[in-house]
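>>> predicted coordinates and the sequence they were generated for:
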Amino acid sequence: MDNINIQATDRSPEIAFDFSSNKFAIRGESYPEDATTFYGKIIEAFDSHLTTVDGGGIEIDFELIYFNSSSAKVLMGLMDTLEETANRGVPVVINWLYHENDDGMEELGEEFAEDIEAAVFNMRPLAT
């Protein structure tokens, strides 16, 4: 599967999905005009890849500055898929990176972490 590398824009995040190394990242702001359209093919490829992973681990970094409610719905779906993958026995590490003075993004990470049991969920403050 081809890697996905999308540069960030004013309204959409950087997407860096390296399927060969199982390292993934979503960075920046996420409030595209239509989140379903922006994320649709990305999530489809990601979900398809995860069904084929049977060894090794998955690591994904979320380094978001802001996201809207439609992006939050996509993120919740990603978290569910990652948890399902971990429940199949695939090691999954989720890194929630936030600026140390961004209490809102820290709290959102803590909320996502509450629903994660099988995957490892790391909260990582970034120095500003």
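Yep, that arrived.

>>> when you work out contacts or count neighbours from here on, use the C-alpha atoms and nothing else.
Noted.

>>> disregarding flanking residues, what is the spatial nearest neighbour of residue 101?
Excluding the flanking residues, the one nearest residue 101 by CA to CA, 6 or more residues apart in numbering is residue 128, at 7.6 Å.

>>> where's the nearest residue to residue 120 once chain neighbours are set aside, which helix or strand?
Setting aside the residues directly before and after it, residue 120 is nearest to residue 93 in space (CA to CA, 6+ apart), at 4.8 Å. Using DSSP states H and E, residue 93 sits within strand 92-99.

>>> can you give the distance of the host helix or strand of residue 75 from its chain's centre?
Element membership of residue 75, judged by DSSP H and E, is helix 69-87. Its chain's C-alpha centre and that of helix 69-87 lie 8 Å apart, by CA atoms, centre = their mean, to the nearest Å.

>>> tell me what angle that helix forms with strand 92-99.
140 degrees (axes from the mean of the first three to the mean of the last three CA atoms, to 10 degrees).

>>> in helix 69-87, what counts as buried?
Neighbour counts over helix 69-87 (16 or more other CA atoms under 10 Å) mark 71-72, 74-75, 79, 81-86 as buried.

>>> likewise for stretch 119-128?
Buried residues in stretch 119-128, counted by 16+ other CA under 10 Å: 119-121, 123-124.

>>> got a list of contacts for that stretch?
Contacts with stretch 119-128, where a contact means CA atoms under 8 Å, 6 or more residues apart in numbering, come from 82-83, 86-87, 91-101, 106, 109-110, 113.

>>> got the CA coordinates for that stretch in PDB?
Provided in PDB are the C-alpha atoms of stretch 119-128 (Å, rounded to 0.1, in the frame of the first residue of the first chain):
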ATOM      1  CA  ALA A 119      -4.000   0.000  23.400                       C
ATOM      2  CA  VAL A 120      -1.300   2.000  25.100                       C
ATOM      3  CA  PHE A 121      -2.300   5.600  25.300                       C
ATOM      4  CA  ASN A 122       0.500   8.100  26.100                       C
ATOM      5  CA  MET A 123      -0.100  11.700  27.000                       C
ATOM      6  CA  ARG A 124       2.900  13.700  26.000                       C
ATOM      7  CA  PRO A 125       3.200  17.400  26.700                       C
ATOM      8  CA  LEU A 126       5.400  19.400  24.300                       C
ATOM      9  CA  ALA A 127       7.400  22.300  25.500                       C
ATOM     10  CA  THR A 128       6.300  25.600  24.000                       C
END
